[in-house]
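**Q** just need the structure, nothing else, for what follows:
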Amino acid sequence: MNRNLYKIIGVDEKATPEQLKKAYRKLAKKYHPDANPGNKKAEERFKEVSEAYDILGDPEKREQYDLMQKGGPAAWGAGGAASGGFGGGGIEDILRSMFGGGFSSPSGGGFSQRSASRPTITVRVPFRTAALGGSVKTRIEVPSTCPVCMGAGGSGESTCSSCGGSGRMQQGQMVMPCSNCGGRGSTFTSVCSTCGGTGEVMSAENIDINIPPGSDSETMLRLSTPAGRSFLARIEVRPDRFLSREGRNIHCTVRISAPQAVLGTKLKIRTLDGKILLKIKPGTQPGTVIRIPGKGLTYRGTKGDQLVHVEVELPTEVTPEEETLWKKLGENG
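**A** Take a look at the predicted model:
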């Protein structure tokens, strides 16, 4: 069954880039593996949403996808490979041809196979590291020359009869990778069984990634491995249970009892720089926001603040003695 990427993210086909990003972030937060430990359905949904955004979030790829959607399967030929089509495999097969191997898995650690020339990985970064900057260690799979065929891809190489060696074929209004040779421009009498004719295999490599201060989810970094492979790293910030971010400011919520709100109190709260003692003034009302200057993120030489949102918890059950006291307070009030 063909998949509509816009429906996967839950937006209209005319959605702006900002609307796309907002809808994606909402779904990504809802189905994130960290928020749904052990939930395989949520994990698959998270991957599906991220895969769709990988394409729709890229203006060039989105344009290609839109053209493909308008043309439909008939635009590529209804008779399969003989007529220049993709064997009736539906949108997934067309996307594999468009983007070089299909969707990637955004769960971290592996290169997407959308483009061998510009591989992309997703790196999960702790909230504090993303805010203040730091180094993240990760193990990734990188393409390397096949040790069996030494990068040739096979033996008995000859010019592809379908594309004439160009590696490309005209499909409607678009130029697509040749479905016969996979864009190589040549075919083999005997394809290498180790690499499947690609000339490359995946190997593990450990790297350190320097995260710039103030990084946010969807921040893209251009990096290179010690072996000289360049790639893109997409940052995914892990949510913090207490702190959240809005621009250069940090937000958090504290809950106090009614007596603490009336009489005042002191609380230890966490900031990016460590714990501090926060004074709650007597008579603090529910919904009060206390600003702590300079405890936010630094941006263009200016540091943000930490905003503490105060919630007052009222008792749902009271003892007879407490009920008497509350009644007296009500009478005096």
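
**Q** next secondary structure after the helix or strand of the chain with the lowest mean pLDDT?
**A** In the chain, the helix or strand scored least confidently by mean pLDDT, DSSP states H and E is helix 91-99, which has a mean of 46. Using DSSP states H and E, the next helix or strand after helix 91-99 towards the C-terminus is strand 120-125.

**Q** mean confidence for the helix or strand just after that following strand?
**A** Going down the chain from strand 120-125, the next helix or strand is helix 127-132, by DSSP H and E. The average of the pLDDT scores along helix 127-132 is 92.

**Q** state the distance from the spatially most central residue of the chain to Glu51.
**A** The chain has Glu236 as the residue nearest its centroid, 5.3 Å off, counting by CA atoms, centre = their mean. Shown here: Glu236 relative to Glu51, a distance of 14 Å by CB to CB, to the nearest Å. Using the backbone N, CA and C atoms, a C-beta is placed for each residue, glycine as well.

**Q** surely Lys47 is in a strand?
**A** No: Lys47: not assigned to a strand; according to DSSP: H, G, I helix; E, B strand; the rest coil it is helix.

**Q** what about it, neighbour count?
**A** 17 (other CB atoms under 10 Å).

**Q** which residues sit in contact with the residue lying closest to Arg139 once chain neighbours are set aside?
**A** Among residues not flanking Arg139 along the chain, Asn206 sits closest, at 5.2 Å (CB to CB, 6 or more residues apart in numbering). Applying CB atoms under 8 Å, 6 or more residues apart in numbering to Asn206 gives the contacts 137-139.

**Q** tell me how this structure divides into domains.
**A** 1-89, 244-316 (automatic domain parsing).

**Q** what's the closest of those to Glu218?
**A** Of all the domains of the chain, domain 1-89 sits nearest to Glu218, with 7.0 Å by CB to CB.

**Q** ramachandran angles for the residue nearest to the centre of the chain?
**A** Main-chain torsions, Glu236, degrees, to the nearest 10: phi -130, psi 110.

**Q** my guess is it meets Thr120, correct?
**A** No: between Glu236 and Thr120 there is no contact under CB atoms under 8 Å: 12.0 Å.

**Q** show me where the protein has helices.
**A** 5-9, 17-31, 40-56, 59-71, 91-99, 127-132, 258-263, 320-332 (DSSP state H).

**Q** so where is the stretch 151-300 of the chain shaky, pLDDT-wise?
**A** 171-173, 225-228 (pLDDT under 70).

**Q** strands along that one, start to end?
**A** Under the criterion DSSP state E, counting those that start in this stretch, strands of the stretch 151-300 of the chain are mapped to 154-159, 168-171, 174-177, 186-191, 200-211, 220-224, 230-237, 244-246, 249-257, 265-271, 274-280, 289-292, 298-299.

**Q** which of the ones you listed is buried the deepest?
**A** strand 230-237 (a mean of 19; mean count of other CB atoms under 10 Å).

**Q** next up, the contacts around Glu321.
**A** Per CB under 8 Å, 6+ apart, neighbours of Glu321: none.

**Q** oh, that last question was meant for Leu307, not what I typed.
**A** Taking CB under 8 Å, 6+ apart as the test, what Leu307 contacts is 249-252, 289-292.

**Q** and these, which is closest to Thr187?
**A** Using CB to CB, the contacts of Leu307 come closest to Thr187 at Ile250, 57.7 Å.

**Q** excluding covalently adjacent residues, which one is nearest to Arg255?
**A** Arg255's closest residue in space is Glu311 (CB to CB, 6+ apart), at 4.7 Å.

**Q** from memory that neighbour sits against Gln285, does it?
**A** No: in this structure, Glu311 is not within contact of Gln285 by CB under 8 Å, at 10.7 Å.

**Q** what about those two, which has more around it?
**A** Glu311 (12 against 8).

**Q** quick one: that one from Ile290, how far?
**A** 12 Å.

**Q** kindly report the same for Ile209.
**A** 35 Å.
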